[in-house]
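[1] pasting the sequence and the predicted coordinates here, then a few questions.
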Amino acid sequence: MIDEDVAANLAENIRQLRDARGLSQAQVAKAAGIPRPTWTNLESGGANPTLAVLLKVAAALHVRLEELLAPPRGTGKVYRADELTVRRRGKVTVRKLLPEVLRGLDIERIELAIGGTMTGVPHTPGTREYLTCERGSVELSVRGRRFVLEPGDVVVFAGDQRHGYRNVGRKLAVAHSVVTFAPRGSS
């Protein structure tokens, strides 16, 4: 008997692969050389297919047998809030929003308490930053120039410059920072 998790993986993978190819159950069953009710049963997770049937399915979908049985590719991983990197600097809390390192990209959520300020760190030449205000009022200063953002506003600036953030309102301010780093040696 096939393990329940493996059966569920098989059903989901077959359904995803068929959908990705834009094929109906009848079309892919015909390509695999198996009856349509067998295919339907495979996608429902209630099948206990033979190795011969699995090999036909894999061939029809142009994948290895292991791909049919593995956890589905579309499966996501939840990162709980306490698993994300958080830094506190006085009245400012910065939470990483990307739990994995993505080369050339960083996204952070910045909470600034009333009166909270934070100095940004200049990045490599050519780096761009995008700051959007979610709530409250956030002031961004870049080389002496000031931008006051209200909810929904976005400012784009050269991230290789001296810059800082400040809550200029009378309640908690929340902003999101997206940094696209220039490749090293590109300047």
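    Great, that's in hand. Numbering: from 1, shown residues only.

[2] what about Gly120, how many neighbours?
    Counted with other Cβ atoms under 10 Å, residues neighbouring Gly120 total 20. C-beta here means a position set from N, CA and C on the backbone, and glycine is covered the same way.

[3] could you do Asp82 as well?
    As a burial measure, Asp82 scores 6 neighbours (other Cβ under 10 Å).

[4] helix, strand or coil for it?
    Under DSSP: H, G, I helix; E, B strand; the rest coil, Asp82 falls in the helix class.

[5] ok, it to Arg95 distance?
    To Arg95, Asp82 is 11 Å away according to Cβ to Cβ, to the nearest Å.

[6] go on, Arg170?
    Per Cβ to Cβ, Arg170 is found 23 Å from Arg95.

[7] those two: which is more packed in?
    Between Arg170 and Arg95, Arg95 has the larger neighbour count (other Cβ under 10 Å), namely 16 against 10.

[8] phi, psi of that one?
    Phi and psi for Arg95, reported as degrees, to the nearest 10, are phi -120, psi 130.

[9] looking at this, Glu100 is in a helix?
    No. Read with three-state DSSP, Glu100 is coil and lies in no helix.

[10] what's the neighbour count on it?
    7.

[11] phi, psi of it?
    Phi and psi for Glu100, reported as degrees, to the nearest 10, are phi -120, psi 150.
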